[in-house]
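Engineer: Quick one, fold the following:
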Amino acid sequence: MRKHAQLLVGLIFAFGIVWVPLTANAQQSEKTPRIGLLGSYSPTSPLYNDFRQGLRELGYIEGKNIIIEARYAQGNLDRLPELARELAGLNVNVMFVGGDQALRAAKEATNTIPIVVSACDPLNSLVASIARPGGKATGLTCISSDLASKRLQMLKELVPALSRVAVLYNPEDRNKPLEYAEVQEAARSLNLIVHAFEARSASGIDEAFAAMVDDHRQGVLILSDALMVFNEKKLAELALQNRLPAIFGFREFADMGGLVSYGANLGKQYRRAAWYVAKIVTGTDPGDLPIEQPTRFELVINLKTAKALGLTVPQSMLLLADEIIE
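Structural biologist: Residues are numbered from 1 along each chain as shown. A predicted model of the protein is given here:
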């Protein structure tokens with residue numbers, strides 16, 4: 001009997017040694033903020049490095065005092081709703097998303113988890129007002145539609161004989177038809193004829209460029225969304241192959257061989273989004289965090305591409321450029 005009692009005590013003692021640390025680890029895991037990252041691009045996108053860098057600058061180290069649950073659509077935006085539901089099922093503390101389609105997927109997946117978004121024009125679907133968004137979502141906007149007139153004007157300066165302009169966009173981003181309306185208004189003031197070419201996929205982009213050439217368009221304005229950003233290299237190559245001067249919203253387009261870009265710095269926006277995430281995980285109500293708009297825009301000109309297209313970039317544009325790629 002005494003031997004049985006000693007054995008039982010020994011087992012309890014051994015179990016206690018194992019059980020206590022496991023309980024402590026479980027409690028520690030519960031306290032560690034869990035961030036859901038809903039990515040439209042591939043895991044290797046520099047934008048996600050920018051986001052993580054922003055967190056590190058605020059003292060949040062992945063695997064140490066934060067956990068990042070990441071799901072990547074890798075350019076297949078139809079997967080975003082499924083991936084958003086996965087993240088919502090993990091009960092993350094906050095979800096970070098990029099672009100209108102990811103925002104829509106996140107909002108459909110949860111009405112309780114706070115959402116931070118970096119997108120071009122999320123305001124109509126996101127907030128009650130810029131100063132006090134209300135609800136569970138906040139973030140940053142690059143106010144792309146407000147730059148339509150400036151981008152068209154730049155394209156006209158680069159191609160003085162320009163009269164027929166293609167406007168390429170993805171109608172699955174619900175902000176793009178509104179942005180195209182802004183483009184049409186700007187085109188009238190510049191005496192340009194614009195025509196919309198839609199693309200919902202990478203193959204759709206190929207088809208759109210073929211249609212632009214058949215329609216004798218002399219240049220192309222590309223409206224930014226997750227699909228276009230994922231295919232920036234493809235867009236730059238197609239524009240050059242088809243000898244179509246093109247302008248885009250983000251500098252990566254010019255870095256990859258596109259003619260010119262003008263807009264907010266997307267990498268800086270992703271880095272800044274980390275501040276919103278940090279505020280929320282420390283208890284701030286997302287509805288009290290104002291939507292942030294960019295204070296400056298970058299002009300990047302690829303002179304190598306201009307030369308290949310037989311274009312002379314006006315000195316006035318060169319003087320305004322933030323960067324010139326030669």
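Engineer: Which element, helix or strand, includes Glu182?
Structural biologist: Assigned by DSSP states H and E, Glu182 belongs to helix 176-189.
Engineer: continuing past that helix, what's the next helix or strand?
Structural biologist: Going down the chain from helix 176-189, the next helix or strand is strand 193-198, by DSSP H and E.
Engineer: and that next one, what does it pack onto?
Structural biologist: strand 164-169, helix 176-189, helix 202-214 (3 or more Cβ pairs under 8 Å, 6 or more residues apart in numbering; DSSP states H and E). The way it works is simple: take the backbone N, C-alpha and C, and place the C-beta from them, glycine included.
Engineer: just how off-centre is that strand within its chain?
Structural biologist: Centre-to-centre, strand 193-198 and its host chain are 24 Å apart (Cα atoms, centre = their mean, to the nearest Å).
Engineer: ok, now stretch 41-53?
Structural biologist: Stretch 41-53 has its C-alpha centroid displaced from the chain centroid by 10 Å (Cα atoms, centre = their mean).
Engineer: what's it in contact with?
Structural biologist: The contact list for stretch 41-53 (Cβ atoms under 8 Å, 6 or more residues apart in numbering) reads 37, 39, 62, 68, 70, 72-75, 96, 98, 226, 229-230, 266-268, 270-271, 273-274.
Engineer: Among the residues you listed, which lie within strands?
Structural biologist: Of the contacts of stretch 41-53, the ones assigned to strands by DSSP state E are 37, 39, 68, 70, 72, 96, 98.
Engineer: Turn those into a markdown table, including neighbour count.
Structural biologist: Compiled in a markdown table, those are given as follows (neighbours: other Cβ atoms under 10 Å):
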| residue | neighbour count |
| --- | --- |
| Leu37 | 22 |
| Gly39 | 23 |
| Ile68 | 19 |
| Ala70 | 17 |
| Tyr72 | 18 |
| Phe96 | 30 |
| Gly98 | 28 |
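Engineer: what's the closest of the residues you listed to Gly310?
Structural biologist: When these are ranked by distance to Gly310 (Cβ to Cβ), Gly98 comes first, at 36.0 Å.
Engineer: who does the helix holding Glu182 touch, helix- and strand-wise?
Structural biologist: When contacts are defined as 3+ Cβ pairs under 8 Å, 6+ apart, helix 176-189 sits against helix 148-158, strand 164-169, strand 193-198.
Engineer: Contacts for the first one, please.
Structural biologist: By Cβ under 8 Å, 6+ apart, the residues outside helix 148-158 that reach it are 162, 165, 179, 182-183, 185-187, 189-190, 192, 194, 219, 221, 245, 247, 249, 259-260, 262, 299, 306, 311, 313-314, 316-317.
Engineer: Give me the angle between it and helix 176-189.
Structural biologist: 50 degrees (axes from the mean of the first three to the mean of the last three Cα atoms, to 10 degrees).
Engineer: chain center to helix 148-158, what's the gap?
Structural biologist: 23 Å.
Engineer: Can you give me the buried ones in it?
Structural biologist: 148-149, 151-156, 158 (16 or more other Cβ atoms under 10 Å).
Engineer: Turn those residues into a markdown table, including pLDDT and distance to Asn49.
Structural biologist: As requested, these are exported to a markdown table (pLDDT from 0 to 100; distance: Cβ to Cβ, whole Å):
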| residue | pLDDT | distance to Asn49 |
| --- | --- | --- |
| Ala148 | 82 | 30 |
| Ser149 | 84 | 33 |
| Arg151 | 94 | 27 |
| Leu152 | 94 | 33 |
| Gln153 | 93 | 34 |
| Met154 | 96 | 30 |
| Leu155 | 96 | 31 |
| Lys156 | 96 | 36 |
| Leu158 | 96 | 32 |
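Engineer: In a markdown table, list those residues along with distance to Ala102.
Structural biologist: Below are these laid out as a markdown table (distance: Cβ to Cβ, whole Å):
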| residue | distance to Ala102 |
| --- | --- |
| Ala148 | 23 |
| Ser149 | 28 |
| Arg151 | 24 |
| Leu152 | 28 |
| Gln153 | 31 |
| Met154 | 29 |
| Leu155 | 29 |
| Lys156 | 33 |
| Leu158 | 33 |
